[in-house]
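K.L.:
One predicted model, sequence on top.
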Amino acid sequence: MQNDRLIIAGREFTSRLFVGTGKYKDFAETKKAIEASGADVVTVAVRRVNITDRSKENLLDYLDPKKYTILPNTAGCYNVEDALRYSRLARAAGVSDLIKLEVLGDERTLFPDTAGLIEAAKILVKEGFIVLPYTNDDPIVAQKLVDIGCPAVMPLAAPIGSGLGIRNPYNLKIIMEMIKVPIIVDAGVGTASDAALAMELGADAVLMNTAIAGAQDPIAMAEAMKYAVQAGRLAYKAGRIPRKLYATASSPIEGML
Amino acid sequence: MVEAIQIQVNGEQRDCRTGATVGDLLRELAIKTERVAVELNLEILDRKDFDHRSLKPGDRVEILSFIGGGAPVDVHGRGRDSIHAE
């Protein structure tokens, strides 16, 4: 595992687990959970500064941008214009050119609006952004995003925050076989086995937030996810046995009475 | 007595000294300039211009920073702190 680094747009990452920073009780819990997850990449949202109560602490006081790769997202954007605005604001706030691009199509499902996503990705790539698009489990859309210049693609496992796990392993598998850039399975993971399955299918990384932050013990779940992603990756590289309908004896017949 | 002008900051009306710059406003609000983005009437400002851009009556200023996120705020969509909630 030492040499099994993930490389996206020339940046090297040790951990294949990316984590969100939303929905935690407080920043102290956020910090502990992220440490337990072993993640290198953490996602953040861009929002108004609270100007009436300046006593509120800043998330980045807890997450050292030298230690973590901060990946701002465009969560909450339902059209191209808003997604572009938030991406540019994220870059102006001064961490990097990285953006996790979300253009959402519907408030109930939070499914991506893939037409809007492609349009926004084209513009942002031209502006020099490193665009990591949150997309559907549609291999054709994933390929279009790669053609535009996205250095990784982030297909969903299930609706954001649903905890339903991998709803369409076959589509994800096709994406992993077809697409030549890293695939980060994003959204919908519920528990450790979901993360392991994503990695066993051949995902290069898994991104999650709610599965950890919403667990009864987020710090323990963060650690579980760390091992699940490692185990799934190892199993994928080890190459599983084929599925067969009937038994194959593991012990030799020779020498029996 | 310094004359005041009215501007809008993060959606709220606010008095501001005549001739004040964006940098002055941030200092008055005790907001550190690193890791914030400032939009003045929908134009995103370069950090090095904060002290050169003076505020005029009716200006709309948005000051944003990073918060915890990964998934959108919630199923019902836009939080109170979202700039497109107006």
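P.N.:
Sure, I can see it.
K.L.:
where's A:Pro72, which helix or strand?
P.N.:
strand A:69-72 (DSSP states H and E).
K.L.:
quick one, helices of the stretch 51-200 of chain A?
P.N.:
Applying DSSP state H, counting those that start in this stretch to the stretch 51-200 of chain A gives helices spanning A:80-92, A:114-126, A:139-148, A:169-178, A:192-201.
K.L.:
Where does pLDDT dip in the stretch 1-150 of chain A?
P.N.:
Applying pLDDT under 70 to the stretch 1-150 of chain A flags residues A:1-2, A:54-56.
K.L.:
got the contact list for A:Ile123?
P.N.:
Residues in contact with A:Ile123, defined by Cβ atoms under 8 Å, 6 or more residues apart in numbering or on different chains, are A:Val80, A:Leu84. All C-beta spots, glycine's among them, are computed from the backbone N, C-alpha and C.
K.L.:
where's it relative to A:Leu117, distance?
P.N.:
Distance from A:Ile123 to A:Leu117, counting by Cβ to Cβ, to the nearest Å: 11 Å.
K.L.:
Can you name the residue of chain A nearest to chain B?
P.N.:
Closest to chain B within chain A is A:Gly20: 1.3 Å, counting by Cβ to the nearest Cβ.
K.L.:
Bridged to that residue, which residues?
P.N.:
Under DSSP bridges, the beta-bridge partners of A:Gly20 are A:Thr43.
K.L.:
ok, it - contacts?
P.N.:
Contacts of A:Gly20 by Cβ under 8 Å, 6+ apart are A:Val42, A:Thr43, A:Leu207, A:Met208, A:Asn209, A:Thr210, A:Ala213, B:Gly68, B:Gly69, B:Gly70, B:Ala71.
K.L.:
wait, A:Asp204 sits on A:Pro182?
P.N.:
Yes - the pair A:Asp204 / A:Pro182 is scored as a contact, 3.8 Å apart, by Cβ atoms under 8 Å.
K.L.:
Mutual contacts of those two, please.
P.N.:
Listed as contacting both A:Asp204 and A:Pro182 by Cβ under 8 Å, 6+ apart are A:Leu6, A:Ala152.
K.L.:
so which of the helices of the stretch 51-200 of chain A gets nearest B:Thr33?
P.N.:
helix A:80-92 (11.2 Å; Cβ to Cβ).
K.L.:
Any buried residues in the closest one, and which?
P.N.:
By 16 or more other Cβ atoms under 10 Å in any protein chain shown, the buried positions in helix A:80-92 come out as A:Val80, A:Asp82, A:Ala83, A:Leu84, A:Arg85, A:Tyr86, A:Ser87, A:Arg88, A:Leu89, A:Ala90, A:Arg91, A:Ala92.
K.L.:
Those residues: which ones sit near chain B?
P.N.:
The subset of the buried residues of helix A:80-92 within reach of chain B, counting by Cβ under 8 Å from any Cβ of the partner chain, consists of A:Asp82, A:Arg85, A:Arg88, A:Leu89, A:Ala90, A:Ala92.
K.L.:
Identify the bridge partners of the closest residue in space to the last one that isn't next to it in sequence.
P.N.:
Once flanking residues are discounted, A:Ala92 sits nearest to B:Ala37: 3.8 Å by Cβ to Cβ, 6 or more residues apart in numbering or on different chains. On DSSP bridges, the residues paired with B:Ala37 through beta bridges are B:Leu64.
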